[in-house]
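*Asks:* Starting from these lines, generate the structure:
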Amino acid sequence: MSSIPENMYLVRQVREMDRMAIDTCGIPGYTLMQRAGQAAFDLAQASWPDAKNLVVVAGSGNNGGDGYVIARLAREAGMQARVLQSGDHSGLTGDAGHARDEYLEHGGQCEAFAGQPTLTGCDLVIDALLGSGLTRAVEGEFAAAIQAMNAQPAPVLSVDVPSGLDADCGMALGEAVLAQATITFVGMKLGLITGAGRRHAGSIFFDDLQIPDEVFQAIPACCHRVALEGLHGLLGVRHPDAHKGDFGHVLLVGGNAGMAGSVRLAAQAAARVGSGLVSVATVPQHAGQISAACPEVMAHGVRNRRELDALIHRATVVAIGPGLGQDPWARELFARVLELDLPTVVDADALNLLALDPVHKESWVLTPHPGEAARLSKVGTREIQQDRLERVQALQKQYGGACVLKGCGTLVAGEDRVSVCTAGNPGMASGGMGDVLTGIIAGLLAQGLELYDAARFGVQLHAQSADMAARDGQRGLLASDLFLPLRTLVNVACD
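*Replies:* Predicted structure coming up:
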């Protein structure tokens with residue numbers, strides 16, 4: 001059993017792994033079910049050692065079969081365990097039927113689920129109701145069972161996926177279990193760590209059920225978890241004779257009237273991550289206050305594209321969007337930036353301007369949140385969240401470069417690969433966080449990283465810094481709180 005692994009899979013891929021394990025490797029399906037039940041029971045004992053009275057809510061498929069194994073193991077360990085059946089168990093056959101029969105042979109009892117009162121008096125609920133193959137909204141008896149599990153006070157351990165959750169995209173299909181922990185098997189399902197998946201899954205644990213490596217090697221992952229260890233060789237060690245010109249010059253464009261803070265946050269982030277020089281092009285009335293607040297940043301008031309040109313020729317990377325607005329000043333500067341061949345980061349209002357007149361470029365990183373992604377894609381936000389993986393890949397194909405789809409379980413798409421970030425916390429739901437991310441990615445680009453690497457490692461640095469900054473509490477976390485842990489992390493990554 002382990003925490004979140006590197007490789008992520010879709011449900012159809014995990015089903016193929018199951019098939020290969022059984023048909024190619026000769027592992028009986030019931031053996032896999034027994035291993036899954038044992039892993040879940042071991043986790044239950046480790047996580048809730050005082051729980052002595054278990055209730056298993058079992059569906060009529062293989063997920064329910066795992067539940068019967070757990071209930072049998074609990075009884076063998078001297079615990080009280082009972083199974084509440086939901087759905088038609090009268091004709092239960094195959095591995096799930098075998099698991100039920102063994103449970104009954106060991107003195108176990110089954111009863112039909114009859115609403116929340118049947119869950120009273122237990123220390124732990126095992127959610128073995130619906131498996132990972134759910135594709136439509138939960139209704140009727142299953143919806144009632146999920147509602148009952150969520151309403152009762154005992155902790156819930158979900159088996160494979162929280163019942164009612166789409167295991168590919170992380171959306172609740174109507175009702176979905178809110179578990180304290182989830183243990184998933186064979187392959188890590190992407191839907192557990194993106195969208196609403198993390199909220200429903202709780203703490204996530206993984207067990208590969210001892211399936212041979214050859215199975216995993218035969219099925220390519222749909223995406224990979226980002227880890228900062230991969231940043232080591234890309235930034236490298238700074239030599240004693242290094243100078244600021246060796247580490248790039250970021251030009252931030254934004255900070256329209258009343259929004260100086262956005263571009264200042266982005267500029268500070270670019271400096272904190274190690275860019276040699278950072279300049280800001282902003283409206284004239286903001287230049288002085290930005291320089292006074294952050295003297296390391298060179299702030300310039302620009303009124304038009306001609307004045308912006310005077311700054312562009314010194315830049316190695318441009319980032320546009322934080323506090324940009326959408327007025328004539330913003331549109332004029334954005335049009336000028338579109339003409340550049342420099343590596344560029346596009347965020348916030350620059351994305352909204354891009355959505356009005358889409359352009360494909362291979363030299364930029366786009367960083368939309370779901371609402372901005374919806375405007376870029378000409379669909380609703382719900383459509384974005386219904387298939388985050390497909391949508392981020394489609395955005396990258398349409399607009400080029402690399403694309404970051406922000407949110408819980410941020411996804412980063414390059415031309416032929418996708419990464420997912422599993423760090424971060426709800427404290428990041430505050431103003432300015434996206435501006436900091438823009439600056440981080442721009443600062444990494446300035447130090448020579450390729451677009452996709454700057455995007456994925458930038459996302460990870462951002463989220464991991466927020467986790468460090470939130471150790472004293474998530475509520476009240478400010479975007480500027482990330483700067484010191486960000487500096488720590490980017491240096492640890494280069495040691």
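
*Asks:* The one residue sitting closest to the centre of the chain: what's it in contact with?
*Replies:* Nearest to the geometric centre of the chain sits Gly409, at 0.8 Å (CA atoms, centre = their mean). Residues in contact with Gly409, defined by CB atoms under 8 Å, 6 or more residues apart in numbering, are Gly170, Leu190, Ile193, Thr194, Gly195, Gly197, Arg198, Arg388, Val420, Cys421, Thr422. (Each C-beta comes from the backbone N, C-alpha and C, glycine too.)

*Asks:* Point out where the stretch 351-495 of the chain drops to low pLDDT.
*Replies:* For the stretch 351-495 of the chain, applying pLDDT under 70 flags the ranges 493-495.

*Asks:* Can you show me the strands along it?
*Replies:* For the stretch 351-495 of the chain, the strands defined by DSSP state E, counting those that start in this stretch cover 364-366, 402-405, 411-413, 418-420.

*Asks:* Quick one: those as a markdown table, columns for mean neighbour count too.
*Replies:* Formatted as a markdown table, the strands of the stretch 351-495 of the chain follow (neighbours: other CB atoms under 10 Å):
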| stretch | mean neighbour count |
| --- | --- |
| strand 364-366 | 28 |
| strand 402-405 | 30 |
| strand 411-413 | 28 |
| strand 418-420 | 24 |
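
*Asks:* Take those and lay them out in CSV including distance to Gly434.
*Replies:* Formatted as CSV, the strands of the stretch 351-495 of the chain follow (distance: least, CB to CB, whole Å):
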stretch, distance to Gly434
strand 364-366, 12
strand 402-405, 10
strand 411-413, 14
strand 418-420, 18
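
*Asks:* wait, which of the ones you listed is closest to Gly59?
*Replies:* strand 418-420 (28.2 Å; CB to CB).

*Asks:* Mind giving me the packing neighbours of the closest one?
*Replies:* Packing partners of strand 418-420 (3 or more CB pairs under 8 Å, 6 or more residues apart in numbering; DSSP states H and E): strand 223-225, helix 388-399, strand 411-413.

*Asks:* Mind doing that once more with 10 Å?
*Replies:* strand 7-9, strand 223-225, helix 388-399, strand 402-405, strand 411-413, helix 451-469 (3 or more CB pairs under 10 Å, 6 or more residues apart in numbering; DSSP states H and E).

*Asks:* Tell me where the stretch 151-300 of the chain has strands.
*Replies:* So, for the stretch 151-300 of the chain - with DSSP E, counting those that start in this stretch - the strands run 156-159, 181-185, 188-189, 203-207, 223-225, 249-253, 277-282, 298-301.

*Asks:* what would the ones you listed look like in TSV with distance to Asp467?
*Replies:* Shown next, in TSV, are the strands of the stretch 151-300 of the chain (distance: least, CB to CB, whole Å):
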stretch	distance to Asp467
strand 156-159	24
strand 181-185	19
strand 188-189	20
strand 203-207	15
strand 223-225	15
strand 249-253	25
strand 277-282	25
strand 298-301	31
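
*Asks:* Let's have those in a markdown table, adding mean neighbour count.
*Replies:* Listed next are those as a markdown table, based on neighbours: other CB under 10 Å:
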| stretch | mean neighbour count |
| --- | --- |
| strand 156-159 | 30 |
| strand 181-185 | 25 |
| strand 188-189 | 27 |
| strand 203-207 | 19 |
| strand 223-225 | 20 |
| strand 249-253 | 30 |
| strand 277-282 | 26 |
| strand 298-301 | 19 |
